[in-house]
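**Student:** Let's see this in three dimensions:
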Amino acid sequence: MRKIFTVIFTSFITFHGFSQAGIKENEVARIIKTLSADDMMGRRTFTPGIEKASLFLQNEFKRIGLKPLTGLTSFEQKFNMYSLKPQQAAVSLNNTTIENDKYFFVTAKESLSWTDPSKVSVFYVNENDNLRKAYGEIKKKNLDAIVLVNPKHQKMFANYKRYLGSGSMSESVGKGESQLFVLADSSQLSSIKVALKNSVETLPLANVAGMIPGKRTNEYLVFSGHYDHLGYQKAVEGDSIANGADDDASGTTAVVTLADYYKKLGKPERTLIFVCFTAEEIGGYGSQYFSKQLNPDEIVAMFNIEMIGKPSKFGANSAFITGFERSDFGTFLQEAVKGTNYSFHPDPYTEQNLFYRSDNATLARLGVPAHSISSDQIDIDKLYHSVNDEFESLDMPHMTNMIKAIAVGSKPMVDGKVTPKRVNKAEVD
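**Tutor:** Numbering: from 1, shown residues only. The predicted structure is shown next:
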């Protein structure tokens, strides 16, 4: 009887995922301490700090025994971006010179010269329109355009100008269409005189990515987090390093830990990709490049892990899933952890648009069940994007258990037993 009980109890433990003994808190702490240490200098893109973080992650993938992605010879997925900054600009509409603070360009062209209003499309963002939505819809049209924005949107317009007006990043130079956004009361355009000259700088970037080839070579599961952060900020009590422990050294640590965990389990059914994205904080360029290197129809799901270092509003050992309603990805995770002390919940902060604010969004727009897993209480988190986002602020038992929960939740997908439905591309902005 004792032997039978032992077998039953052991089966219960294994079934419900308590066999994640290989995921150790001290090892989780080692990785995140390294990534969020002061000598990483906040891991800002294009700095020595992020280069150091990249080298650390490459060495971890080598230690684990991952393989480079197909077609690569190292764990660096290198690519270039181009920084375009206005050097000279002048805008005149209806024979009236527009002041510099009332316009901005969105373009990958080194120069522009528009003098014929019939050669460009004209759009109007009226007083009662949603500027964010209008911006997205106009960008999707891929047209050379002048967009006249009602002055009622002045505050949001200023935010867009602050973000885009000082320059832009592009994956190429000279390609694509251009848009000029103007804060203007007019809804008529009879004459235009638009000139722009940009300086161009080539900027090298690299994701860190590895894989465990599975039995199904054309079915991929992606585990991701971003390893860049903000670098230096205004000093607080002598500390100016934005260490980014929770954002997103916690997610990056989870990616490394899960890679180690799954490599020790042997050859998986589906092929597993583990990727640490660069440049999330400045526009998600790492995930955008990554998404173009694979056939999205072959990506079964994406587990994007973003800020899991502190308990969620649902308590310790719990997290939420952004875009929960867009596929049954979250439902599968809930079912997989049923009966454990782990739990997954729908995103309680839908007004924050978190589904669109991390690296999952790029693949979701291509139809992939790509969701972010987080436990951050974003509405009250005073450490977010601050110099106080440090290792000491994290709850390591919770974080370790969340990595275990993701291991448990992902196992049915890894084993090829369940497949989440695709995201409806038409419903993703």
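**Student:** all contacts plus neighbour counts: C-alpha atoms, from now on.
**Tutor:** Will do.
**Student:** what's the single longest strand in this structure?
**Tutor:** Looking across the chain with DSSP state E, the single longest strand is strand 192-212.
**Student:** Could you pull up the mean pLDDT of that strand?
**Tutor:** In this model, strand 192-212 has a mean pLDDT of 97.
**Student:** Centre of the chain to that strand, how far?
**Tutor:** 17 Å (Cα atoms, centre = their mean, to the nearest Å).
**Student:** so what does it touch, helix or strand wise?
**Tutor:** Packing partners of strand 192-212 (3 or more Cα pairs under 8 Å, 6 or more residues apart in numbering; DSSP states H and E): helix 48-64, strand 76-93, strand 111-114, strand 270-277, helix 285-291.
**Student:** got the CA positions of that strand in PDB?
**Tutor:** The C-alpha atoms that make up strand 192-212 are tabulated as PDB, following Å, rounded to 0.1, in the frame of the first residue of the first chain:
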ATOM      1  CA  ILE A 192       2.400  73.600 -50.200                       C
ATOM      2  CA  LYS A 193       6.100  74.100 -50.000                       C
ATOM      3  CA  VAL A 194       7.800  71.400 -48.000                       C
ATOM      4  CA  ALA A 195      11.500  70.800 -47.700                       C
ATOM      5  CA  LEU A 196      13.500  68.500 -45.400                       C
ATOM      6  CA  LYS A 197      17.100  67.400 -45.200                       C
ATOM      7  CA  ASN A 198      18.100  64.600 -42.700                       C
ATOM      8  CA  SER A 199      21.400  63.400 -41.500                       C
ATOM      9  CA  VAL A 200      21.800  59.600 -41.600                       C
ATOM     10  CA  GLU A 201      23.800  57.500 -39.100                       C
ATOM     11  CA  THR A 202      24.200  53.700 -39.400                       C
ATOM     12  CA  LEU A 203      23.600  52.000 -36.000                       C
ATOM     13  CA  PRO A 204      24.400  48.300 -35.400                       C
ATOM     14  CA  LEU A 205      22.100  46.200 -33.200                       C
ATOM     15  CA  ALA A 206      21.900  42.600 -32.200                       C
ATOM     16  CA  ASN A 207      19.300  40.300 -30.600                       C
ATOM     17  CA  VAL A 208      20.700  37.300 -28.600                       C
ATOM     18  CA  ALA A 209      19.000  34.200 -29.800                       C
ATOM     19  CA  GLY A 210      19.400  30.400 -29.600                       C
ATOM     20  CA  MET A 211      17.300  27.300 -30.100                       C
ATOM     21  CA  ILE A 212      16.600  23.700 -29.100                       C
END
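**Student:** Go through it and flag the buried ones.
**Tutor:** 192-194, 196-198, 200, 205-212 (16 or more other Cα atoms under 10 Å).
**Student:** The helix or strand just after that strand: partners in the sheet, and parallel or antiparallel?
**Tutor:** Downstream of strand 192-212, the next assigned helix or strand under DSSP states H and E is strand 216-226. Strand 216-226 sits in its sheet next to strand 270-277 (parallel), strand 299-305 (parallel), going by DSSP bridges.
**Student:** Generate a markdown table for those, with mean pLDDT and distance to residue 377 as supplementary columns.
**Tutor:** As requested, the strands paired with strand 216-226 are exported to a markdown table (pLDDT from 0 to 100; distance: least, Cα to Cα, whole Å):
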| stretch | mean pLDDT | distance to residue 377 |
| --- | --- | --- |
| strand 270-277 | 98 | 23 |
| strand 299-305 | 98 | 15 |
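**Student:** would you turn those into JSON lines with distance to residue 359 and mean neighbour count?
**Tutor:** Putting the strands paired with strand 216-226 into JSON lines (distance: least, Cα to Cα, whole Å; neighbours: other Cα atoms under 10 Å) gives the following:
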{"stretch": "strand 270-277", "distance to residue 359": "8", "mean neighbour count": "26"}
{"stretch": "strand 299-305", "distance to residue 359": "7", "mean neighbour count": "26"}
